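A.B. asks: structure, please.
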Amino acid sequence: MEEGEDQHGASNFDHLPQELLVGMFARFTPSQLATASLVSQHWHATTNDDILWRRLHKLRWREKQARANERVQLLHAASSSPSFDPASDSDGTWKALYKKHHRGDTLWAYALKDLRESAPNGHKLLVL
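C.D. replies: Numbering: from 1, shown residues only. Purely as a prediction, here's the structure:
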């Protein structure tokens, strides 16, 4: 048995209350959360807490989402189409929505890179 472990091999951190761990993990980046999720089953469950992923999602996409909502509202202003709600297009968790938006950003980045590389010399790609 190593120092800081109990008789079952669990570290002292495994005995911390969920609320305390969530508070600690709230300062982590997505990649740090992924790494922390590998420590133990308790940490894995805690790093999947919806509170953490909602915060990360809002930090990363708040401004981008505000601009997108503005564009959607302008496009639908003359029609009777309902406004787009991004949260309605996921499996119900903030982590799933974060992953979906991250994948979308990554795909856009690759697509824009391909477009820029294929543009004739001297031409600039206009992105709205």
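
A.B. asks: quick check, residue 27 in a helix?
C.D. replies: No. With DSSP: H, G, I helix; E, B strand; the rest coil as the criterion, residue 27 is coil rather than part of a helix.

A.B. asks: what number of residues lie near it?
C.D. replies: The tally of other residues near residue 27 (other C-beta atoms under 10 Å) stands at 9. Bear in mind the C-beta positions are built from the backbone N, C-alpha and C, glycine included.

A.B. asks: so how far is residue 96 from it?
C.D. replies: 22 Å (C-beta to C-beta, to the nearest Å).

A.B. asks: residues of stretch 37-51 that come out buried?
C.D. replies: Of the residues in stretch 37-51, 37, 42-43, 46-47, 49 count as buried by neighbour count, 16 or more other C-beta atoms under 10 Å.

A.B. asks: columns distance to residue 107 and secondary structure on top of these, output as TSV?
C.D. replies: Below are those laid out as TSV (distance: C-beta to C-beta, whole Å; DSSP: H, G, I helix; E, B strand; the rest coil):
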residue	distance to residue 107	secondary structure
37	24	coil
42	34	helix
43	30	helix
46	30	helix
47	25	helix
49	27	coil
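
A.B. asks: which pair in these spans the largest distance?
C.D. replies: Farthest-apart pair in the buried residues of stretch 37-51 is 42 and 49; separation 11.7 Å (C-beta to C-beta).

A.B. asks: just name the shakiest helix or strand of this protein by mean pLDDT.
C.D. replies: helix 50-76 (a mean of 76; mean pLDDT, DSSP states H and E).

A.B. asks: need the buried residues of stretch 37-51 in JSON lines with distance to residue 22 and pLDDT, can you?
C.D. replies: Below are the buried residues of stretch 37-51 laid out as JSON lines (distance: C-beta to C-beta, whole Å; pLDDT from 0 to 100):
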{"residue": "37", "distance to residue 22": "13", "pLDDT": "93"}
{"residue": "42", "distance to residue 22": "12", "pLDDT": "89"}
{"residue": "43", "distance to residue 22": "11", "pLDDT": "91"}
{"residue": "46", "distance to residue 22": "6", "pLDDT": "92"}
{"residue": "47", "distance to residue 22": "9", "pLDDT": "93"}
{"residue": "49", "distance to residue 22": "5", "pLDDT": "91"}
